[in-house]
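Colleague: Sequence plus the predicted model coming up.
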Amino acid sequence: MTDAVNTPPKTLQQRFKKARRKRIKKFGKNLIRRLANFLGRQSLVGDAPVLDSRHFPFLKTFTGDWQAIKAEVTEILKHREAIPLFQDVSADQMKISKGNNWRTFILFGFGEKLEKNCVQAPVTTRLLEAVPNLQTAWFSILGPGYHIPAHRGVSKGIVRAHLGLIIPREAEKCRMRVGDTINVWRPGEIFVFDDTYEHEVWNDTKDERVILLFDFDRPMRLWGRLVNSTFVRLLKFTAYFQEPKRKMASFEDRFEAATRRASENLEKLSDDD
């Protein structure tokens, strides 16, 4: 009762925006379903839930340098509280990201480089910049005991890679289902999957799980590439892209400020000695 009384009524403009967003999301879901079959047929790497990594030779640089990537994210994690929660970056993720369980340190968003964040991970950034048609990339930090509910990605024209970095000791209890396949992360190992298949994650351990997650265009025939590039361009005009883009500038500034304060404190301690 108290919440209902204290909650201010929504304005007409707010109700209109909510209704418009709902209509756009419904239209988008219908469009995605129609495109999925076409893009699957256009694929040059098959249409399985988990794809053979041998189709993507550039991934070898990530497995070769994974320890350097791990070292960079380990430094970033020293400022864990300044790393945004997934749902704070994108309201669209609130159904699957709750509490303080899932943090994301974003390096690239829809092909756009987050310069300040990338400064914190120069080796990782250099490797990502060599990925053909990179779309998004971030360090995905999952808390112990958390379950990410089943969900689906946006476009079959994009595939996703996961590189294991900091993996719980009981690795078998930290896993992801994609379609009917179960995948377990291992330090320094990478796998690629189609996130338009239903997938979910369990971390049934007492340890944190950290991976590098990045998306890139699926190798396709000409018409598939043209349709996918048009779809991605249109997606950039929607709230799905625009809202996180607006928020990330402040999150970058917040993280940069946290690292600067830490450095200043270290300098003060050194001066006192």
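Modeller: That came through fine.

Colleague: Low-confidence bits of the stretch 51-200 of the chain, can you list those?
Modeller: Scanning the stretch 51-200 of the chain for pLDDT under 70 picks out no residues.

Colleague: Tell me where it has strands.
Modeller: 102-109, 112-113, 134-142, 147-151, 158-166, 174-178, 181-184, 190-193, 199-203 (DSSP state E, counting those that start in this stretch).

Colleague: what would those look like in a markdown table with distance to residue 72?
Modeller: All C-beta spots, glycine's among them, are computed from the backbone N, C-alpha and C. Output for the strands of the stretch 51-200 of the chain, formatted as a markdown table (distance: least, Cβ to Cβ, whole Å):
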| stretch | distance to residue 72 |
| --- | --- |
| strand 102-109 | 10 |
| strand 112-113 | 16 |
| strand 134-142 | 9 |
| strand 147-151 | 24 |
| strand 158-166 | 9 |
| strand 174-178 | 21 |
| strand 181-184 | 23 |
| strand 190-193 | 16 |
| strand 199-203 | 22 |
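
Colleague: Throw those strands into TSV and include mean neighbour count and distance to residue 211, thanks.
Modeller: TSV is the format used below for the strands of the stretch 51-200 of the chain (neighbours: other Cβ atoms under 10 Å; distance: least, Cβ to Cβ, whole Å):
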stretch	mean neighbour count	distance to residue 211
strand 102-109	23	11
strand 112-113	14	20
strand 134-142	23	5
strand 147-151	14	12
strand 158-166	22	5
strand 174-178	19	10
strand 181-184	14	11
strand 190-193	20	9
strand 199-203	20	10
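
Colleague: Among the ones you listed, which comes closest to residue 87?
Modeller: strand 102-109 (7.8 Å; Cβ to Cβ).
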